[in-house]
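Undergrad: Can you look at this prediction? I've put the sequence above it.
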Amino acid sequence: MTEVLLSLATGALVGVIFSLLKLPLPAPPVISGIAGIVGIYLGGIGYNWLVERFFS
């Protein structure tokens, strides 16, 4: 839980700094960003499943 809170705080701080400097936010559009994160997570889970299932 501590990692989640630190990530959230760091992300908020970066957002504030970028807004103060009038730079575009360093994040993808919401839906494609969420889809990318979910894809990375599912890919990691799928890889572990395949390795455990077929190569152990």
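TA: Structure received.
Undergrad: Every contact and neighbour count from this point should use C-alpha atoms.
TA: OK.
Undergrad: just the strands in this protein please.
TA: Along the chain, counting by DSSP state E, no stretch forms strands.
Undergrad: Can you show me the helices along it?
TA: Secondary structure of the chain by DSSP state H: the helices cover 2-20, 30-54.
Undergrad: mind putting these in JSON lines, mean neighbour count and mean pLDDT included?
TA: Listed next are the helices of the chain as JSON lines, based on neighbours: other C-alpha atoms under 10 Å; pLDDT from 0 to 100:
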{"stretch": "helix 2-20", "mean neighbour count": "12", "mean pLDDT": "91"}
{"stretch": "helix 30-54", "mean neighbour count": "11", "mean pLDDT": "91"}
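Undergrad: OK, contacts around Ser7?
TA: Listed by C-alpha atoms under 8 Å, 6 or more residues apart in numbering, Ser7 has no contact partners.
Undergrad: Please determine how far it is located from Leu50.
TA: Counting by C-alpha to C-alpha, to the nearest Å, the separation of Ser7 from Leu50 is 30 Å.
Undergrad: can you check Lys22 too?
TA: In terms of C-alpha to C-alpha, Lys22 sits 45 Å off from Leu50.
Undergrad: isn't Phe18 right up against Ala27?
TA: No - counting by C-alpha atoms under 8 Å, Phe18 does not reach Ala27; the two are 11.0 Å apart.
Undergrad: tell me the centre residue of this structure?
TA: In the chain, the centroid-proximal residue (C-alpha atoms, centre = their mean) is Ile37; its distance is 5.1 Å.
Undergrad: and the gap between Leu50 and Ala9?
TA: For Leu50, the distance to Ala9 (C-alpha to C-alpha) stands at 35 Å.
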